[in-house]
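> A structural model of the following input is requested.
(one chain, ligands or ions: 2)
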Amino acid sequence: MDKGLLIVVSGPSGAGKGTICKQLLDVEPDIMLSVSATTRAPRKGEVEGKNYYFMTKQHFEELIAKDEFLEYAHVYGNYYGTPKRYVQEKTAQGKDVLLEIDIQGALQVKEKYPHGVFIFILPPSMKELKQRIIHRGTESEAAIEQRFMAAFEEIDYVKKYDYCIINDDLGNAVDKVRAIIKAEKCKVTEDIEKIISRFKEEI
Ligand code: ADP
Ligand code: 5GP
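Ligands and ions are numbered 1, 2, ... in the order given. Next up is the predicted model:
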């Protein structure tokens, strides 16, 4: 069976990654979302096992020691990591898996899964980015400033990605992610040999 595609979405906080991924999963229900582990406290309305696996720093460090993460990083003072087993199992079953992770994590994943598709989400402007973080209303003033300042550094990393989407109109941004996934599935890879053999067998 063909392996599933690993789709990595990242970009600065407030660019709209979470919103885009949620809409994508609504219209592409066959894509499996990788739920990350974090030491950050749950926000109002967040559900254990759906938004994140919330855990203590000690538990997270035990999982690091057991090599249970595909990648992990320290982001804004907390640990975040992608559980390895889920990604390996689902992609081996031929399912596409979506990771919404920060840039440090995405670069680690790129080392391990160079055939994954790496998508960077940008806001229309820095001014709009700040407005979005403020309007989301999930961070303290200090955390907003920290995320906004980090965004200036993070933008340079877009060069390491395969695709960049400016999230101006949400519907357009989601359509672009879907188009990228479709195109990736038509890419000529080493699997092309199987397709060639299938045609030759008919002769
Ligand atoms: P991220 O996951 O990148 O940190 P979010 O998905 O939480 O960002 O989006 C940040 C805020 O911006 C949210 O309040 C969200 O509703 C809003 N938002 C996302 N995309 C758009 C868009 N295209 N136009 C206007 N607001 C948006
Ligand atoms: P938030 O606290 O807003 O949910 O997430 C903060 C940042 O952590 C976001 O940029 C988000 O993409 C990133 N993040 C979420 N899960 C993971 C993960 O498993 N690994 C890494 N490296 N970053 C993650």
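> okay, whichever helix or strand Phe118 is part of in PDB with CA atoms only?
If you go by DSSP states H and E, Phe118 is part of strand 117-122. The C-alpha trace of strand 117-122 is given here as PDB (Å, rounded to 0.1, in the frame of the first residue of the first chain):
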ATOM      1  CA  VAL A 117       4.900  18.600   2.400                       C
ATOM      2  CA  PHE A 118       5.800  21.700   4.300                       C
ATOM      3  CA  ILE A 119       3.400  24.600   4.200                       C
ATOM      4  CA  PHE A 120       4.100  28.000   5.800                       C
ATOM      5  CA  ILE A 121       1.200  30.300   6.700                       C
ATOM      6  CA  LEU A 122       1.800  34.000   6.600                       C
END
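> distance of Phe69 from ligand 1?
20 Å (Cβ to the nearest ligand atom, to the nearest Å). Yep, even glycine has a C-beta here, placed from its N, CA and C like the rest.
> nearest residue to that residue other than its sequence neighbours?
Spatial nearest neighbour of Phe69, chain neighbours left out: Gly81 (4.1 Å); criterion: Cβ to Cβ, 6 or more residues apart in numbering.
> helix or strand: which one has the one you found?
Going by DSSP H and E, Gly81 is part of strand 78-83.
> paired strands for that strand, with orientation please.
strand 36-38 (antiparallel), strand 69-75 (antiparallel) (DSSP bridges).
> so, in contact with ligand 2 or not, the helix or strand where Glu145 lies?
According to DSSP H and E, Glu145 maps onto helix 141-154. No: Helix 141-154 lies apart from ligand 2 when judged by Cβ under 6 Å from any ligand atom; the minimum separation is 7.9 Å.
> pairing partners for the strand holding Phe118, with directions?
With DSSP bridges as the test, strand 117-122 is paired with strand 6-10 (parallel), strand 163-166 (parallel).
> rewinding a little: now the helix holding Glu145 - C-alpha only, CSV.
The C-alpha trace of helix 141-154 is given here as CSV (Å, rounded to 0.1, in the frame of the first residue of the first chain):
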residue,chain,number,x,y,z
GLU,A,141,-0.6,41.1,27.1
ALA,A,142,3.0,39.9,27.8
ALA,A,143,2.3,36.6,25.8
ILE,A,144,0.9,38.6,22.9
GLU,A,145,4.1,40.7,22.8
GLN,A,146,6.3,37.6,23.0
ARG,A,147,4.5,35.9,20.2
PHE,A,148,4.5,39.0,18.0
MET,A,149,8.2,39.6,18.5
ALA,A,150,9.0,36.0,17.8
ALA,A,151,7.0,36.3,14.5
PHE,A,152,9.7,38.8,13.1
GLU,A,153,12.4,36.1,13.5
GLU,A,154,10.2,33.3,12.3
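> neighbouring contacts of that helix?
11-15, 76, 103, 126, 129-130, 133-134, 139 (Cβ atoms under 8 Å, 6 or more residues apart in numbering).
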